[in-house]
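Student: quick one, fold the following:
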Amino acid sequence: MLTSRRIFETVAIEDVQDAVRAAGHQAEIAEHDSGRRTLACATENAKYAVQFYPNEGHASNRFGALRFVAWFTADQSDVEFANAFNAKFRFASVVAQDDCYELQHDVVAIGVTHDYLRLCTEQWATSVDDFIDYEGPDEEV
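Tutor: Model (predicted):
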């Protein structure tokens, strides 16, 4: 069992899975043909993934960085919308793709605790909700 005060030199996927679940989210390990694993996660409002870096960490299940990421479909994404969101919100950033928006948040996981990972997950959920609720840049009067 993890303790909230344990400091990770690097994290394993299971460490992050425990922290995501402690934040009240679903988290299942997803195996990919490439040999990489991710976490397939969900809140009440959205599905998201946690990706693990560096790539060579997959062989030993030891990672120093995480990437929370969610994709939101759109008929056509708008760079102005994405830039306005990024200017207003601090913890996550959005990129406009051809047919979707990619919301992302990177976390350095070296020297962190289980509680820190849980708090990062909670902040990520807030960022997801902020993006879902965001209506775009204010109209000029």
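Student: so for Y134, what's the nearest residue that isn't a sequence neighbour?
Tutor: Nearest non-adjacent residue to Y134, counting by C-beta to C-beta, 6 or more residues apart in numbering: F85, 5.4 Å away. Bear in mind the C-beta positions are built from the backbone N, C-alpha and C, glycine included.
Student: likewise for F131?
Tutor: Spatial nearest neighbour of F131, chain neighbours left out: L103 (5.2 Å); criterion: C-beta to C-beta, 6+ apart.
Student: tell me what the helix or strand harbouring the one you found is packed against?
Tutor: In the assignment (DSSP states H and E), L103 maps to strand 100-108. In this structure, strand 100-108 packs against strand 65-73, strand 93-96, helix 114-133, with contacts taken as 3 or more C-beta pairs under 8 Å, 6 or more residues apart in numbering; DSSP states H and E.
Student: would TSV of the ones you listed with mean pLDDT, distance to V79 and mean neighbour count be doable?
Tutor: Output for these, formatted as TSV (pLDDT from 0 to 100; distance: least, C-beta to C-beta, whole Å; neighbours: other C-beta atoms under 10 Å):
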stretch	mean pLDDT	distance to V79	mean neighbour count
strand 65-73	97	15	18
strand 93-96	96	5	18
helix 114-133	95	15	19
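Student: of all these, which one is nearest G24?
Tutor: helix 114-133 (8.3 Å; C-beta to C-beta).
Student: sorry, back to before: for the helix or strand hosting the residue nearest to Y134, packing partners?
Tutor: Assigned by DSSP H and E, F85 falls within helix 79-88. The helices and strands touching helix 79-88, judged by 3+ C-beta pairs under 8 Å, 6+ apart, are strand 93-96.
Student: paired strands for the strand it packs on, with orientation please.
Tutor: Sheet neighbours of strand 93-96, with direction, are listed as strand 100-108 (antiparallel) (DSSP bridges).
Student: so which residues make contact with the strand it pairs with?
Tutor: Strand 100-108 has contacts (C-beta atoms under 8 Å, 6 or more residues apart in numbering) with 64-74, 77, 81-82, 91-95, 117, 120, 123-124, 127-128, 131.
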